[in-house]
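Undergrad: Quick check, what structure comes out for this input:
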Amino acid sequence: MNAEPVAVHLLDKEYLLACTAEERPGLLSAAALLDRKMREVRTAARSASLDRVAVLAALNLAHELLQQRAQAQTSDGAVNQDVSILRAKLDAAMLTFLK
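TA: Alright, predicted model coming up:
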């Protein structure tokens with residue numbers, strides 16, 4: 001697969017990045033999300049440099065990702081526990097049925 005240049009815009013600056021045609025929609029979505037987050041940070045911290053805005057936006061996105069992963073793990077654990085309980089009940093019901 002050939003990588004092609006794709007222009008993304010972050011805080012009104014253009015960056016050319018290489019990616020495949022299959023990766024392009026994801027890259028553009030990620031760039032749009034990062035641009036929105038950088039604009040939020042810039043609005044909240046008017047005097048921040050571009051580097052600081054980028055780092056703070058990246059930290060905010062990383063924090064959100066980690067929170068979502070933790071919630072997913074908690075949900076997975078609850079589902080696994082529910083499945084174990086249902087499996088035990090089914091096993092008990094099958095033993096009763098087979099007797």
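
Undergrad: pLDDT at residue 60, what is it?
TA: Note on residue 60: pLDDT of 94.

Undergrad: State whether it and residue 39 are indeed in contact, as I suppose.
TA: No - here residue 60 lies out of contact with residue 39, judged by CB atoms under 8 Å, at a distance of 11.9 Å. No exception for glycine: its C-beta is placed from N, CA and C like everyone else's.

Undergrad: Please enumerate the strands of this protein.
TA: 4-10, 13-19 (DSSP state E).

Undergrad: among those, which is nearest residue 45?
TA: Between residue 45 and the strands of the chain, the tightest spacing by CB to CB is seen for strand 4-10, at 16.1 Å.

Undergrad: Pairing partners for that closest one, with directions?
TA: In the sheet, strand 4-10 lines up against strand 13-19 (antiparallel) (DSSP bridges).

Undergrad: Sketch out the low-pLDDT regions of the chain for me.
TA: 99 (pLDDT under 70).

Undergrad: residue nearest the centroid of it?
TA: residue 65 (4.9 Å; CA atoms, centre = their mean).

Undergrad: roughly how far apart are that residue and residue 24?
TA: 22 Å (CB to CB, to the nearest Å).

Undergrad: Now mean neighbour count and distance to residue 88 too, for the strands of the chain, in JSON lines please.
TA: Below are those laid out as JSON lines (neighbours: other CB atoms under 10 Å; distance: least, CB to CB, whole Å):
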{"stretch": "strand 4-10", "mean neighbour count": "13", "distance to residue 88": "52"}
{"stretch": "strand 13-19", "mean neighbour count": "11", "distance to residue 88": "48"}
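
Undergrad: Now distance to residue 31 too, for those strands, in CSV please.
TA: Putting the strands of the chain into CSV (distance: least, CB to CB, whole Å) gives the following:
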stretch, distance to residue 31
strand 4-10, 4
strand 13-19, 8
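
Undergrad: For residue 72, find the nearest of these.
TA: Closest approach to residue 72 among the strands of the chain (CB to CB): strand 13-19, 26.7 Å.

Undergrad: Now tell me what touches the closest one from outside.
TA: 3-9, 27, 50 (CB atoms under 8 Å, 6 or more residues apart in numbering).
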